[in-house]
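Chemist: this is the structure alone, sequence omitted:
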C-alpha cells in the first residue's frame, strides 16, 4: 500500500502547512492512498473524500428573492438618545445605550425579483438587510429601500412573488400577470405608487434609503413597550435613475451598483446612513385612521417624528463573495434583549418564512470579523461548507 499522506515536511521547511477542515496537516494534496503503486484507491482516503465532497458542494441554489446583492461591513455608532431624550426610557438594548458605542455589522443590499446575474438597474424594490453583531448576539433588521410593502398578510407572499417573477412559459416579466394580482389587491396601491415613482430605480446602493417596513417593539428595563419603525437616511442624499438613464447603465454593466459600492469603500469614501426611529405608545389607537401594524401604511412624520439614534458607516468589503454574500442569511426573528416583535401579521409570517427558507441551503452566518476560519486552518478550498474550526467573535 502506498501512503505518503503522513510523511511530514523536512525540519528546515518553514512554510505554512496545508490542513484539512479539522486543522490536521496534509502533506500530499495530489495523490490518493492506493493498494500498491497501480492498485485501486482505498475508501479511507479522508483527505480525498473531504476535498472532493467539498468541491461537489461549492455552490448552493440562489435565493428565491433577493438573489442579486452585495455585502459590506462596517459599524453602528449610537447616540445614546432618541432625539434629545435618554434612550433607556424606551429600550434596554445595549447597542443603543451609550453615546459613541460602536457595534460591528454587515449590510446586504439587493434587488428583489431578478436572478443572481440580473440587472441592478431594474425597476424593483431594493433589499436593505443589516446584521448587527452585538454583545448579546446577532440582531437582524431586514428591510427595503421603500417604506411600505405590497401586502399586509403573509399568506399572500407566494402570490405576489409569483406575479412579479418571470412567467413560467415565456420566462419574462409579463405586465398582465403582475397587474392581474395587483388589481385585485387594493392594499398594493401604496407600494405601486412608490415603485413607479423616481424612487423605483435607485442610482446605486449608497444613495438609497432603508426602512424596517414592519412595526417592531422596544422594551425598557421596566418591561414597558413602545411600537417603533426604523428609517435609514443616506448621508450622500437620495438619488435615482430615469428609465432612459437605467437603459444606458444596464447596456454597459449589469452589476453597476455592486461595483459602485465596492469601489467607494476601496477608495476610502465610506458610505454612511443616519438611523432615525419613529415611536408610538403600545396600545390601541382609535384616534388614528390607519392601523399602525399595517405594513402597507406609513406613520405620518408630523405626528410621529423620526428621531436620530445613531449612524452606520461601511468601511470594509468582503474577502470572499460566495461565503460572505451568497451564504449570509438574515431573519426577522433574530432579535436581542430590548427589542421585540409586534403583532404585525406580515412580520409574524416573515419570521417563519425566513428561517424556514434557510434550512435546506445550510446558509452560514459569517463571523463578525469576516474571517472564515482560525489562522491554523489552511485548506485552499473554495466556498462550500464552513470549516469545523471557526474564527472571529
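Modeler: Structure received. None of these values were measured; they are calculated from a predicted model.
Chemist: per-residue confidence at residue 212?
Modeler: Residue 212 is assigned a predicted lDDT (pLDDT) of 97.
Chemist: OK, contacts around the spatially closest residue to it that is not a sequence neighbour?
Modeler: In space, and not counting its chain neighbours, residue 212 is closest to residue 230: 3.6 Å by C-beta to C-beta, 6 or more residues apart in numbering. Where you see a C-beta, it was placed from the backbone N, CA and C, and this is true even at glycine. By C-beta atoms under 8 Å, 6 or more residues apart in numbering, the residues touching residue 230 are 141, 143, 210, 211, 212, 216, 275, 276, 277.
Chemist: quick one: average pLDDT of whichever strand or helix holds the first one?
Modeler: I take that to be residue 141. If you go by DSSP states H and E, residue 141 is part of strand 137-144. Average pLDDT, strand 137-144: 95.
Chemist: who are the packing partners of it?
Modeler: strand 126-134, strand 210-211, strand 225-234 (3 or more C-beta pairs under 8 Å, 6 or more residues apart in numbering; DSSP states H and E).
Chemist: can you pull the buried residues of the helix or strand just after the second one?
Modeler: Read in the C-terminal direction, the helix or strand following strand 210-211 is strand 216-219, with elements assigned using DSSP H and E. Residues of strand 216-219 classed as buried by neighbour count (16 or more other C-beta atoms under 10 Å): 216, 217, 218, 219.
Chemist: repeat that for stretch 86-102.
Modeler: Buried residues in stretch 86-102 (16+ other C-beta under 10 Å): 87, 88, 90, 91, 92, 93, 94, 95, 96, 101.
Chemist: what's the answer for stretch 131-146, then?
Modeler: So for stretch 131-146, counting by 16+ other C-beta under 10 Å, buried means 131-134, 138-146.
Chemist: check stretch 103-120 too.
Modeler: 103-114, 118-120.
Chemist: and for the strand holding residue 141, what's in contact with it?
Modeler: 93, 95, 112, 125-132, 210-214, 230, 232, 330-332, 334-336, 339, 350, 354, 365.
Chemist: let's see that with 6 Å instead.
Modeler: 125, 128-132, 210-213, 330-332, 334-336 (C-beta atoms under 6 Å, 6 or more residues apart in numbering).
Chemist: now, among those residues, which is nearest to residue 11?
Modeler: Residue 11 lies nearest to residue 131 out of the contacts of strand 137-144, by C-beta to C-beta, at 45.6 Å.
Chemist: show me where the protein has strands.
Modeler: Applying DSSP state E to the chain gives strands spanning 69-78, 81-82, 85-86, 102-111, 126-134, 137-144, 210-211, 216-219, 225-234, 272-281, 307-317, 339-341.
Chemist: check which helices and strands the longest one sits against.
Modeler: Identification of packing neighbours for strand 307-317 by 3 or more C-beta pairs under 6 Å, 6 or more residues apart in numbering; DSSP states H and E yields strand 69-78, strand 272-281.
Chemist: and among these, the most buried is which?
Modeler: strand 69-78 (a mean of 22; mean count of other C-beta atoms under 10 Å).
Chemist: list the contacts of that strand.
Modeler: 96, 101-110, 258, 261, 265, 310-318, 324-325, 328, 370.
Chemist: 7 Å instead, please
Modeler: 95-110, 127, 132, 205, 258, 261, 265, 309-318, 324-325, 328, 370 (C-beta atoms under 7 Å, 6 or more residues apart in numbering).
Chemist: quick revisit: could the helices and strands packed on strand 307-317 go into CSV alongside mean pLDDT and distance to residue 192?
Modeler: Compiled in CSV, these are given as follows (pLDDT from 0 to 100; distance: least, C-beta to C-beta, whole Å):
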stretch, mean pLDDT, distance to residue 192
strand 69-78, 98, 23
strand 272-281, 98, 23
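Chemist: so which of these is nearest residue 26?
Modeler: strand 69-78 (30.4 Å).
Chemist: that closest one pairs with which strands?
Modeler: Neighbouring strands of strand 69-78 in its sheet, by DSSP bridges, are strand 102-111 (antiparallel), strand 307-317 (antiparallel).
Chemist: mean confidence score for the first one?
Modeler: Looking back up the chat, that one is strand 102-111. pLDDT averaged over strand 102-111 gives 97.
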